[in-house]
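Novice: 3D, please:
(2 chains)
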Amino acid sequence: MTKMTMVQALNSALALELERDPEVVIFGEDVGRNGGVFRVTDQLQARFGPERVFDTPLAESGLVGTALGMAVYGMRPVVEIQFAGFSLLGFNQIASQVSRLRYRSGGVFHVPLVIRAPFGGGVRTPELHADNLEALFLHTPGLKVVIPATPYDAKGLLHAAIADPDPVLFLEHMKLYRSTRQEVPAEAYTVPIGQAAIIQPGDDLTLIAYGAMVPVAQAAARQVSAESGAGIELIDLRTIAPLDEATIVASVNKTGRAVVVHEAVRSGGLGAEIIAVINEQCLYALLKPVERVTCPDTPFPVPQVEDLFIPTPERVAQAMRRTLAP
Amino acid sequence: MAFAIAEKLAFTVSPEDLYQILDPAGEVVDSLPPLSAEQLLALYRWMLLGRTYSRRMVALQRQGRMGTFAPLDGQEAAAAGMAFPLRPEDWFIASYREAIGYMIKGVPLLAQFKQWGGHVADNYPRAAHCLPFQVVLGTQMLHAVGVAQAIKLKGRAEVVLAACGDGATSEGDFNEALNFAGVYQAPVVFVVQNNGWAISTPRHRQSAVDSLAQRGPGFGVPGLMVDGNDVLAVYQVVSEALDRARSGGGPTLIEAVTYRLGAHTTADDPTKYRAEAEVSAWQKRDPLLRFRKFLLGQELITPAEIEQMQASVSAEVQAVVEAYEALPPADPRRLFEIVYAEAPPQLRRQEAALLEDLGLAA
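Specialist: As a prediction, the model looks like this:
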């Protein structure tokens, strides 16, 4: 095993898929010779040729809509939307076409398509590069949404997404691209879509996070455990649609306390859905109200204030202390 | 390969100047395409089936037996003429006004009944190589380019025909589709059925260009116009464009100028926005009338045989009406099976809860 960043782990998965399956093609804006603006597709065009890895005109609806046609024909397209904020230009194709064709056609046609898109705050990007839009897609039946937090999960989930018979939106947090290195196998493996990971077990409070909020939650859990000795069960959702409700419910039934952390804005966010699930399935186990730590309902904060708005370990710790208080 | 048709056609809006093989009187004014008598009669039968189906659907809707429906009347030549030259392996990705094309490609007429009647469109056979029509106008043009790009990458000899209406040409996806097709040199032919009206919005409010075909050259795609009420002209122009795409010549945009004789849908009242005189002028250019005059003039069919054909077409539609009305109501369970290849646990729980609420639980 070698230590890889998330970018390297994703690149490794893509190279293995191109090698394994001649139906896999990669396209998007600047993914060819340039290897993508974050180098996730670095060297892939040189290795596999311009018919397998190619640049498209600059049009997100166009690249998602044409990918649908290619997937219907039997190929396995993996497209990159350069920044998730621009997925709004492709939103119609994702929400009204890609996600619905299986249903519309009564299962005759399906769309095995992976849409990769970087997103996430804390890296001082211009407007709409950082927005956390996952809740829009969570509300789109027929689509799966994956947000890995580690290099290992990123690679395994990408292999699983490419193997999936249905469309998968694969959101990659920019802050995690190169922030850590982790032992990652050189060969292909899968991490199942729809399964959360319990990063650390604990009996006193369930802390639920995903994406770049996982390391934030980890730091908060360390702090609160050190202060109070409380056992924190930290869940990394990894997939947000379909949500792994079983893992959440089992944990909260055990701990009776929960805090949900997300970088996305608050109202109608994934936190609301998770709390609804807890309410429906764990209400009588709850000892305290479930708290949410999120960005407030402003447009995603501009770089000058993003560090103030995005949940920090200290803010998460404060919510945990309130929830743990007798 | 030279594209002879393109040179013949000026960009123009005058129906009289459009490329025609048959004039409105059914007289032959250009070289006939190489179609046998049998094929010519088959073309006419498809058009007649389209009109008979359309009129029946409107009647069913008025009787409360069918959902909202978009009539085909007046556009039968364009839809039949564009799909007739396709080979079985070719793809046809179109919209609701191209129902005849779907039938020519092997999609049962019952599929249209199911879609308009509020069922899932689960009977477009995969082998027919058609995607079910959908109502976000213009989006399908990109799907067609994607299929065409896949065909090109795999080195196959298939081509894709993509169709939409004049209103859809204002959508971003129509323009992105032309652009992607031009860059990829994908084997796709785009046909715009310009029927003059997008519900109540006239053609000149969609674009300031004289001809919608002019959209093509801006994307490096040849564009041409054809009389969309002349089935033989549409057939000929589309055939040449398909040959060109099949031999690696890239995409073509064709504007078939036609007219929607009826309402946009059964929910629309066109008397609110267009003049009766305009409609009656176009009734004189009725595509069925024109082709029938030609067939009678060439003695390819007799009036009695036309009556027999009408009876056989009506019986065919009647059989589909009966099949449709004999369908069982949609099973709510089935709708949970077709969202994903495998329904996730929460969808299963939602299904169980719904069935429980409905008193349908096993």
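Novice: give me the neighbour count for the residue of the stretch 201-350 of chain B found nearest chain A.
Specialist: Residue nearest to chain A within the stretch 201-350 of chain B (C-beta to the nearest C-beta): B:P344, separated by 3.4 Å. Bear in mind the C-beta positions are built from the backbone N, C-alpha and C, glycine included. B:P344 has 19 neighbours, counted by other C-beta atoms under 10 Å in any protein chain shown.
Novice: quick one: residues contacting it.
Specialist: Applying C-beta atoms under 8 Å, 6 or more residues apart in numbering or on different chains to B:P344 gives the contacts A:G194, A:P242.
Novice: A:T5 is in contact with A:R181, correct?
Specialist: Yes - taking contacts as C-beta atoms under 8 Å, A:R181 lies within contact range of A:T5: 5.6 Å.
Novice: between the two, point out the one with more neighbours.
Specialist: Set side by side, A:R181 and A:T5 show more neighbours around A:T5, with 19 against 14, by other C-beta under 10 Å.
Novice: let me see the contact set for that one.
Specialist: Taking C-beta under 8 Å, 6+ apart as the test, what A:T5 contacts is A:P151, A:Y177, A:R178, A:S179, A:T180, A:R181.
Novice: pLDDT of stretch B:298-317, averaged?
Specialist: Mean pLDDT, stretch B:298-317: 98.
Novice: next, A:E273: secondary structure please.
Specialist: Assigned with DSSP: H, G, I helix; E, B strand; the rest coil, A:E273 falls in the helix class.
Novice: doesn't A:E233 make contact with A:T247?
Specialist: No - counting by C-beta under 8 Å, A:T247 does not reach A:E233; the two are 9.8 Å apart.
Novice: which one of the two is surrounded by more residues?
Specialist: A:E233 (24 against 20).
Novice: that one is in what secondary structure piece?
Specialist: Per DSSP states H and E, A:E233 falls inside strand A:232-236.
Novice: packing partners for that strand?
Specialist: If contacts are counted by 3 or more C-beta pairs under 8 Å, 6 or more residues apart in numbering or on different chains; DSSP states H and E, strand A:232-236 sits against strand A:197-200, strand A:205-209, helix A:213-228, helix A:245-255.
Novice: sheet partners, orientation included, of that strand?
Specialist: strand A:197-200 (antiparallel), strand A:205-209 (parallel) (DSSP bridges).
Novice: please enumerate residues in contact with that strand?
Specialist: A:149-150, A:153, A:196-210, A:214, A:217-218, A:221, A:224-225, A:247-248, A:251, A:254-255, A:320.
Novice: apart from its neighbours in sequence, what residue is nearest residue 325?
Specialist: If you meant another chain, say so; for now it's chain A. Leaving aside its chain neighbours, A:A325 sits nearest to A:K288 (7.6 Å; criterion: C-beta to C-beta, 6 or more residues apart in numbering or on different chains).
Novice: correction: the question concerned chain B.
Specialist: Excluding the flanking residues, the one nearest B:E325 by C-beta to C-beta, 6+ apart is B:R65, at 7.1 Å.
Novice: surely that neighbour forms part of a strand?
Specialist: No - counting by three-state DSSP, B:R65 is located in no strand; its state is coil.
Novice: burial count for it?
Specialist: Residues near B:R65, counting by other C-beta under 10 Å: 13.
Novice: over to A:A135?
Specialist: For A:A135, the neighbour count with other C-beta under 10 Å is 21.
Novice: residues contacting it?
Specialist: Residues near A:A135 by C-beta under 8 Å, 6+ apart: A:A264, A:G268, A:G269, A:L270, A:E273.
Novice: buried members of the residues you listed into ChimeraX, please.
Specialist: Here is the ChimeraX command that selects the buried residues among the contacts of A:A135 (16 or more other C-beta atoms under 10 Å in any protein chain shown):
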select /A:264,269,270,273
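Novice: please list which of the contacts of A:A135 are also close to chain B.
Specialist: When C-beta under 8 Å from any C-beta of the partner chain is taken as the criterion, no member of the contacts of A:A135 contacts chain B.
Novice: buried by neighbour count: which residues of stretch A:118-133 qualify?
Specialist: The neighbour-count check on stretch A:118-133 (16+ other C-beta under 10 Å) flags A:118-123, A:125, A:128-133 as buried.
Novice: ok, these vs B:G218, which is closest?
Specialist: Nearest to B:G218 among the buried residues of stretch A:118-133 is A:L128, at 28.2 Å by C-beta to C-beta.
Novice: sec struct for the closest one, please.
Specialist: coil.
Novice: once you drop chain neighbours, what's closest to it?
Specialist: A:G85 (3.3 Å).
Novice: between A:R181 and A:T5, which contacts overlap?
Specialist: Common contacts of A:R181 and A:T5 (C-beta under 8 Å, 6+ apart): A:P151.
Novice: who in the stretch 1-150 of chain B is up against chain A?
Specialist: Near chain A, when you scan the stretch 1-150 of chain B using C-beta under 8 Å from any C-beta, you find B:93, B:120-126, B:131-132, B:134, B:136, B:139, B:141-150.
Novice: and the buried ones among those, selectable in ChimeraX?
Specialist: Per 16+ other C-beta under 10 Å, the buried members of those correspond to this ChimeraX selection:
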select /B:93,120,121,122,123,124,131,132,134,136,139,141,142,143,144,145,146,147,148,149,150
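Novice: restricted to strands, list the residues of the stretch 1-150 of chain B next to chain A.
Specialist: Mapping the residues of the stretch 1-150 of chain B next to chain A onto strands (DSSP state E) picks out B:I93.
Novice: which ones among the residues of the stretch 1-150 of chain B next to chain A lie within helices?
Specialist: B:T139, B:M141, B:L142, B:H143, B:A144, B:V145, B:G146, B:V147, B:A148, B:Q149, B:A150 (DSSP state H).
Novice: got a markdown table for the strands paired with strand A:232-236, with distance to B:Y340 too?
Specialist: Listed next are those as a markdown table, based on distance: least, C-beta to C-beta, whole Å:
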| stretch | distance to B:Y340 |
| --- | --- |
| strand A:197-200 | 22 |
| strand A:205-209 | 24 |
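Novice: reformat the ones you listed as TSV; add mean pLDDT.
Specialist: Formatted as TSV, those follow (pLDDT from 0 to 100):
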stretch	mean pLDDT
strand A:197-200	98
strand A:205-209	98
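Novice: any residues of the stretch 51-200 of chain A in contact with chain B? List them.
Specialist: Counting by C-beta under 8 Å from any C-beta, the residues of the stretch 51-200 of chain A close to chain B are A:51, A:56-57, A:59, A:61-62, A:64-75, A:92-93, A:96-97, A:101-110, A:141-142, A:144, A:164-166, A:194.
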